[in-house]
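K.L.:
fold the stuff below for me.
(chains A and B)
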Number of protein chains: 2
Amino acid sequence: MVSMSRPLAGLQVFECASFVAGPSGGMTLAQLGADVIRIDPIGGASDYERWPVAPSGTSFYWTSLNKGKRSVAVNLRAPEGRELVVALVTAPGPDRGILVDNVVGRPWMSHEALSARRPDLIHVRVQGYADGRPAVDYTVNAEVGIPFITGPGDDAAPVNHVVPAWDLVTGLSVSTAVLGAVIDRARGGNGVFVEIALADVALACVTNLGWLSEVDSRGQNRPRHGNYVYGSFGVDFACSDAERVMIVALTEGQWDALRRVTGTVDVFQALEKALSADLDREADRYRLRETIAAILRPWFLARTFAEVRQELDAARVLWGHYQQMSEVVAQHHSGAYPVLAAVELPDHTPAITARTPMRWNGGYGEPGVAPVLGRETAEVLAEVLGLTDAEIGRLEQSNIIDSAQ
Amino acid sequence: MVSMSRPLAGLQVFECASFVAGPSGGMTLAQLGADVIRIDPIGGASDYERWPVAPSGTSFYWTSLNKGKRSVAVNLRAPEGRELVVALVTAPGPDRGILVDNVVGRPWMSHEALSARRPDLIHVRVQGYADGRPAVDYTVNAEVGIPFITGPGDDAAPVNHVVPAWDLVTGLSVSTAVLGAVIDRARGGNGVFVEIALADVALACVTNLGWLSEVDSRGQNRPRHGNYVYGSFGVDFACSDAERVMIVALTEGQWDALRRVTGTVDVFQALEKALSADLDREADRYRLRETIAAILRPWFLARTFAEVRQELDAARVLWGHYQQMSEVVAQHHSGAYPVLAAVELPDHTPAITARTPMRWNGGYGEPGVAPVLGRETAEVLAEVLGLTDAEIGRLEQSNIIDSAQ
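P.N.:
Predicted structure coming up:
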């Protein structure tokens, strides 16, 4: 059964990438069983100490996004170090020759240079803009217009959201691209250079939701709606104890459940008549969202969260509880989330880690072991390049590698 | 060269899924060349008219997320319609037997029932919660604590973000899972049932960023920061003409570029001395973010956006322009975004569509043709099940299928 959740066992992927997108793509492949080997500069790349960090200084971010991978640390400024990297990445073997990177401006790691050594190389590169200029989640998000439609309606200033959504989507685009290329190569195709720019991902997603077409068609921007769901009915309500719930009625069934549990069937029937509306239609629920919310609000305010929860669940209303992350952590400690696991980082800091959310035949699989920078340097050089202990010792001595011994 | 951007050509995938996650996963596979065939109930599923919609009533959302797919419309309440669906999904052939769905509570489409017909079926199912209960992006987002750390710092109320981030990440998890399963099956593995719950995706992502570990380690929630980047330096600035820019300094190089261009090298040097800080360190830039922003603000306010843009670019500062979506649309019309394309929907409504952001050997590939509900019903039934024109005519006559003729 273990192999069931490791469909990629046998594939070997090298990763030279920092920040969220590339590493989360590699982590996904590792959690599905691939042997993902991260190559870092000695001392770590620029995200090695990135926040959030533990009191010990260990980065929760870096250890989490790189779990399940082996780690090789090489002096990338030394010609001999560079040659090691190129040799690893282009090593022969049908399940090798796969590279994920976000490298900018290293001619020796260009696709041209690498594919000259291994023509069937699968090379997936994360970029900021497609022309190679840098960009990050925060900057591309500003550029696609999201901050002007986020947040309360009474302010003209942009509101940034905190989830690095484009990074995360790009990460899963990386895993998709790697696997698509593996399938193509196994069928007799060639190697490939797949480039994925964060700015393109953000633009494509916003377009795929129909948002740009709508603005173009209306000739004006979508209004800002605070916590209301756009184009349907959904908004937050406070309970009598100040706990809040998010209520959503996208489908007719969800809307029906909501008005039944709140005892407002007749109210909305009369309202539909008075306003010539049909609230079974999503568009009308959207148009009358503030009226609907005003009619529903007293029901929530008259009940504690515990009461609201019980009644909504019994009525099969679609809803969610606004939780602080500390509540999520408490739920985790009480065993509520099988997708999460408690681990110890290599420096013994306790941490919360995640398994892959893809349950393979019912199982979540193992989250993967937290990395130590350079820990598998010697092992990988011996295994992939056949270096001897003596050769590895010399490389270590001359600071070409650091095997964290 | 066309085949280069179609690495999945030959694979056939059936999709019975609504809303964002499943359909965007299928769209991704279609854009990489797979033959993705959507099966809908006659008249469309519950997202067929979903906002945003064109003045004609056509959903920009549905036509966009389902582009590049063939469409089959079947009466899912009739036993004969159900048998057609099961026969299609489990049809023999090494590149068939792949299903993406988000079905809840249809015993005849359970993995058990389907895999009894084709034991090596690859079946990827999107869920709300892992136990099958419904959940949507808005509800799971509330539950993982994001709305309490989004938005301006002076309000205790939750702020929802507008991007359906968890849906989009789940969509690319679907494409990753399908391709991982295809690789495994081609290597002699079995079929598989992969379940992916939206709630698990949100929890795993938040955990993978180290956010839960941090809250657990500190024993308190992360503060709300408005538009500041957490754990580093980044925030928005207004220019003299009220245009806004997002400025980010994650790396030492980015920080150096920022203080040079703003002429504040000496100011920050003196400040570091006065406050015993080292602003080359990300953690110190984060700690002193408000002081840094206050020192930089006048530089931006003294310049028009055009001036700011020119100087920041020349100095290689990492930045982005806050644009309204109408500006993005205008840029698109001026040809700024090769990842986007202008199309006409089947009802002749002009629309903006997106190619895949994965550039395969330098090319974006075609975005894919907009769907018409049921348009390929007859074609698919003939091709996959070998039905004759007479049989298809009878099914149409008895309202078991609708081929949009």
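K.L.:
which residues in the stretch 51-200 of chain A form helices?
P.N.:
Here the stretch 51-200 of chain A has its helices, by DSSP state H, counting those that start in this stretch, at A:60-65, A:79-89, A:111-117, A:137-143, A:165-186, A:198-208.
K.L.:
low-confidence stretches in chain A?
P.N.:
In the predicted model, chain A carries pLDDT under 70 at residues A:1-4.
K.L.:
all strands of it, in order?
P.N.:
Here chain A has its strands, by DSSP state E, at A:12-16, A:35-41, A:70-74, A:98-101, A:122-127, A:192-197, A:233-238, A:244-249, A:318-321, A:340-344, A:350-354, A:358-360.
K.L.:
any chance of the ones you listed in a markdown table with mean neighbour count and distance to A:Asp216 as columns?
P.N.:
All C-beta spots, glycine's among them, are computed from the backbone N, C-alpha and C. Output for the strands of chain A, formatted as a markdown table (neighbours: other C-beta atoms under 10 Å in any protein chain shown; distance: least, C-beta to C-beta, whole Å):
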| stretch | mean neighbour count | distance to A:Asp216 |
| --- | --- | --- |
| strand A:12-16 | 26 | 39 |
| strand A:35-41 | 24 | 41 |
| strand A:70-74 | 24 | 47 |
| strand A:98-101 | 25 | 35 |
| strand A:122-127 | 26 | 27 |
| strand A:192-197 | 24 | 22 |
| strand A:233-238 | 22 | 25 |
| strand A:244-249 | 24 | 27 |
| strand A:318-321 | 24 | 31 |
| strand A:340-344 | 17 | 42 |
| strand A:350-354 | 23 | 39 |
| strand A:358-360 | 26 | 36 |
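K.L.:
make JSON lines out of the ones you listed and add distance to chain B.
P.N.:
Formatted as JSON lines, the strands of chain A follow (distance: least, C-beta to the nearest C-beta, whole Å):
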{"stretch": "strand A:12-16", "distance to chain B": "13"}
{"stretch": "strand A:35-41", "distance to chain B": "13"}
{"stretch": "strand A:70-74", "distance to chain B": "17"}
{"stretch": "strand A:98-101", "distance to chain B": "12"}
{"stretch": "strand A:122-127", "distance to chain B": "8"}
{"stretch": "strand A:192-197", "distance to chain B": "5"}
{"stretch": "strand A:233-238", "distance to chain B": "5"}
{"stretch": "strand A:244-249", "distance to chain B": "4"}
{"stretch": "strand A:318-321", "distance to chain B": "3"}
{"stretch": "strand A:340-344", "distance to chain B": "6"}
{"stretch": "strand A:350-354", "distance to chain B": "4"}
{"stretch": "strand A:358-360", "distance to chain B": "5"}
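K.L.:
neighbouring contacts of stretch A:328-341?
P.N.:
The contact list for stretch A:328-341 (C-beta atoms under 8 Å, 6 or more residues apart in numbering or on different chains) reads A:323, A:342, A:352-355, A:357, A:364, A:367, B:130, B:143-145, B:197, B:200, B:203-204, B:206-207, B:212, B:215-216.
K.L.:
can you turn the buried part of the residues you listed into a ChimeraX selection?
P.N.:
The buried subset of the contacts of stretch A:328-341, as determined by 16 or more other C-beta atoms under 10 Å in any protein chain shown, is captured in ChimeraX by this line:
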select /A:323,352,353,354,355,357,364,367 /B:130,143,144,145,197,200,203,204,206,207,212,215,216
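K.L.:
re earlier: in CSV: the helices of the stretch 51-200 of chain A, plus distance to chain B.
P.N.:
Output for the helices of the stretch 51-200 of chain A, formatted as CSV (distance: least, C-beta to the nearest C-beta, whole Å):
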stretch, distance to chain B
helix A:60-65, 3
helix A:79-89, 18
helix A:111-117, 9
helix A:137-143, 3
helix A:165-186, 3
helix A:198-208, 4
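K.L.:
turn these into a markdown table, including distance to A:Ala73.
P.N.:
As requested, the helices of the stretch 51-200 of chain A are exported to a markdown table (distance: least, C-beta to C-beta, whole Å):
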| stretch | distance to A:Ala73 |
| --- | --- |
| helix A:60-65 | 13 |
| helix A:79-89 | 10 |
| helix A:111-117 | 20 |
| helix A:137-143 | 27 |
| helix A:165-186 | 22 |
| helix A:198-208 | 26 |
